[in-house]
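Participant: got a predicted model here, sequence first, then my questions.
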Amino acid sequence: MYLLLGASGVGKTLLVKRLQKLCSKDGSRELGEPPPTLPTVGTNLTDLLIQKKITIRELGGCMGPIWPSYYGDCSAVLFMIDAANPTQISSSCVQLLSLLSAEQLASASVLILFNKIDLPCYMSLVEMKSLFRIQDIISCANQPITVVETSARDGTGLPDVLQWLRSTLKEPS
């Protein structure tokens, strides 16, 4: 089980839909127009076929207080941050630090996704890493952490996400 976490409105649902499209058996690698999405209330389960079937459990951003109740059966975490919304930085950082300190996630691989880099007002990877003090977080965390810039809307970075998902399959859970 993979958990997809992040604040409300960061693009989690669109990311999962885009990954599903890229993994579909119809052979099409064209993403086309972004599909419509609605805010996730509760949880969504999505299966992806990447060498083998994996399940991503997307938890709505408003469910932050109860995220820990889903950590038990989790082998990896995708944590999404809106790179175009500076008002979410501090709360996203607190959520990230909280999940990294959770004992149940001590051996889970973590992918930090800075999403919405297609928007003109997005913060660069250098700015985001600086604001989050990513190097300090990585050096103190028990988990292996990978950082990727994405645009779930236009597909930028999605091949890197798929590669990370594949790499987590090789490691014992």
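Facilitator: Cool, got the structure.
Participant: which helices and strands does the lowest-mean-pLDDT helix or strand in the chain pack with?
Facilitator: Every helix and strand in the chain was compared by mean pLDDT, DSSP states H and E; the lowest is helix 125-132, with a mean of 88. Applying 3 or more C-beta pairs under 8 Å, 6 or more residues apart in numbering; DSSP states H and E, one finds that helix 125-132 contacts helix 89-100, strand 145-149. Where C-beta positions appear, they are placed from N, C-alpha and C, glycine not excepted.
Participant: these: which one's closest to residue 124?
Facilitator: strand 145-149 (8.6 Å; C-beta to C-beta).
Participant: what's that closest one in contact with?
Facilitator: The contact list for strand 145-149, computed with C-beta atoms under 8 Å, 6 or more residues apart in numbering, reads 83, 100, 109-114, 117, 125, 129, 134, 137-138, 156-157, 160-161, 164.
Participant: could you do stretch 128-137 as well?
Facilitator: Defining contact as C-beta under 8 Å, 6+ apart, one finds that stretch 128-137 is touched by 81, 83, 89, 92-93, 96-97, 100, 112, 114, 123, 145, 147.
Participant: what about the most centrally placed residue in the chain, which helix or strand?
Facilitator: Geometric centre of the chain, nearest residue: residue 78, 3.1 Å, by C-alpha atoms, centre = their mean. According to DSSP states H and E, residue 78 maps onto strand 76-82.
Participant: which residues in this protein form helices?
Facilitator: Counting by DSSP state H, the chain has these helices, from start to end: 12-23, 89-100, 125-132, 134-140, 158-170.
Participant: list the buried residues for the second one?
Facilitator: I take that to be helix 89-100. Within helix 89-100, the residues that count as buried by 16 or more other C-beta atoms under 10 Å are 89, 92-93, 95-96, 99-100.
Participant: got it, and the shortest one?
Facilitator: Neighbour-count burial for helix 134-140, counted by 16+ other C-beta under 10 Å, picks out 134, 137-138.
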